[in-house]
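> Dropping the sequence and predicted coords here.
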Amino acid sequence: MIKRRKKIILIQLVIFIVAAFLLYNTYHDKNNTTNEIVKIKTKTDPDTNSFVDVEYSGFDLNGNRYTLNAGEANFKTKTPEFIDMKNVNANFYLKDDTLLKVISDSGLYNNKTLDMIFIDNVKATYLTSTLLSDRLDYSNTDGKLLASGNVRGESVEKGKFFADNVEYDLTNKNLDFSMLGNKQVNVKVKN
């Protein structure tokens, strides 16, 4: 019985020493705190509001439904109607049950007039046609899309084209091609 009591006292003594050691190591530098001042620099302007994964949706003046998605959106508090966007993806659900998709690296959206500008690496797809350009402007009041800057396109049924500017009327579904200066529009039509 004495052996058992000695073992218990020995175990309790070891536990006490370990606990005392841990407490000492935890709190012995408590009074030696260092005060470090950290300055946080903000990248954004305090007059700018920023959002991620934004979606705008509604109807244009011609009654077509649209959704406009952006990975990032910013607007100035002085002009909240002008929204600067990054990683833009737009879908226009036209009245004839067709879909016009537009994607771009960046864009601008006016949430009052519902006008949209798609900038850099613009790709628009409609039915079996694809249009690539540097810029695509959607005018809600005119119901037109104007592609400019290195415009090229391809239609499975009709062929390929290259132009400086292409205007697409959403109401009449007409395409107008134009070139700057004396250059000619280059169109390769399939038979």
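Received, thanks.

> in which helix or strand would I find the residue positioned nearest the centre of the chain?
Central residue of the chain (C-alpha atoms, centre = their mean): G71, 2.3 Å from the mean position. Using DSSP states H and E, G71 maps to strand 65-76.

> Which helix or strand lies directly C-terminal to that strand?
Strand 65-76 is succeeded, C-terminally, by strand 82-93 (DSSP H and E).

> What are the contacting residues of that next one?
Contact with strand 82-93 is made by 54, 56, 60, 64-76, 99-111, 116, 118, 170, as judged by C-beta atoms under 8 Å, 6 or more residues apart in numbering. Heads up, the C-betas are built off the backbone N, CA and C, glycines and all.

> Could I get the buried residue list for that strand?
I83, D84, M85, N87, V88, N89, A90, F92 (16 or more other C-beta atoms under 10 Å).

> Determine the next helix or strand in the C-terminal direction from that strand.
Strand 82-93 is succeeded, C-terminally, by strand 99-110 (DSSP H and E).

> related to what we said a few turns ago, the strand holding G71 versus strand 99-110: what angle between them?
30 degrees (axes from the mean of the first three to the mean of the last three C-alpha atoms, to 10 degrees).

> can you map out the helices along the chain?
For the chain, applying DSSP state H gives helices covering 2-27.

> which residue sits closest to S155, ignoring its sequence neighbours?
Counting by C-beta to C-beta, 6 or more residues apart in numbering, S129 is the residue found nearest to S155 once chain neighbours are left out, at 4.2 Å.

> Nice, that's everything, thank you.
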